[in-house]
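*Asks:* next input, structure requested:
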Amino acid sequence: MFGRVNIQIKLVEGDSAGTVTAFYMSSEGPKHHEFDFEFLGNTTGEPYVVQTNVYVNGVGNREQRLNLWFDPTKDFHSYSILWNQRQVVFLVDDTPIRVHTNLEHKGIPYPKDQAMGVYSSIWNADDWATQGGRVKTDWSHAPFVASYWGFEINGCECSC
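*Replies:* Prediction:
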């Protein structure tokens, strides 16, 4: 139910505008929970943007974006999700970039009752991913390839 997942990713090099490379956790079904790292494709030379999102009972709309302070296409970097009954923490190279706190005591639902799997994908999202959808996927730059290394998962059972 809770724990930490970590992966080292080297993101798509060159012009990847319109694509999204995602590393995420998700349960199943229409009322699923989900924690997302979404790396928004970019035009060559522009900063890479990472978007995080938290779904609770099938509802997202909790996106936050951050320009990465390094070029994630030049080397592997560590991306982690740590979750427990109190918070969900998104980390980049062991630096917290977002904390989603359990505020159930204020009537806000929190993702704590569904086991989740770990996934990754690269997909076309040129309707919104790069500069709000103004820059479309240039398929002449395909294939879009990300490299993965050092996957770790440390989970624990919940005594809820």
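*Asks:* show me the residue at the heart of this structure, geometrically.
*Replies:* Central residue of the chain (CA atoms, centre = their mean): Phe37, 0.8 Å from the mean position.
*Asks:* show residues contacting the helix or strand that contains Ser78.
*Replies:* Using DSSP states H and E, Ser78 falls within strand 77-83. With contact meaning CB atoms under 8 Å, 6 or more residues apart in numbering, strand 77-83 is reached by 2-10, 23, 25, 35, 37, 70, 88-94, 111, 150. In this view, the C-beta of every residue, glycine as well, is placed from N, C-alpha and C.
*Asks:* which residue ranges form the strands in the chain?
*Replies:* Per DSSP state E, the chain carries strands over the ranges 2-10, 19-26, 34-40, 49-55, 64-67, 77-83, 87-92, 95-101, 117-124, 147-156.
*Asks:* relative to Lys136, which of those is closest?
*Replies:* For these, proximity to Lys136 was assessed by CB to CB; strand 117-124 is nearest, at 9.3 Å.
*Asks:* of the contacts of strand 77-83, grab the buried ones for PyMOL.
*Replies:* Buried residues among those (16 or more other CB atoms under 10 Å), as a PyMOL selection:
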select buried, resi 2+3+4+5+6+7+8+9+10+23+25+35+37+88+89+90+91+92+111
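*Asks:* surely His101 touches Val89?
*Replies:* If you look again at residue 101, you'll see it is Thr, not His. No. Applying CB atoms under 8 Å as the test, Thr101 and Val89 come out as separate, 9.6 Å apart.
*Asks:* output the contacting helices and strands for the lowest-mean-pLDDT helix or strand in the chain.
*Replies:* When each helix and strand of the chain is scored by mean pLDDT, DSSP states H and E, strand 147-156 comes last, with a mean of 93. Here strand 147-156 touches strand 2-10, strand 117-124, going by 3 or more CB pairs under 8 Å, 6 or more residues apart in numbering; DSSP states H and E.
*Asks:* pretty sure Ala22 is touching Asp36, no?
*Replies:* Yes. Assessed by CB under 8 Å, Ala22 is found in contact with Asp36 at 6.3 Å.
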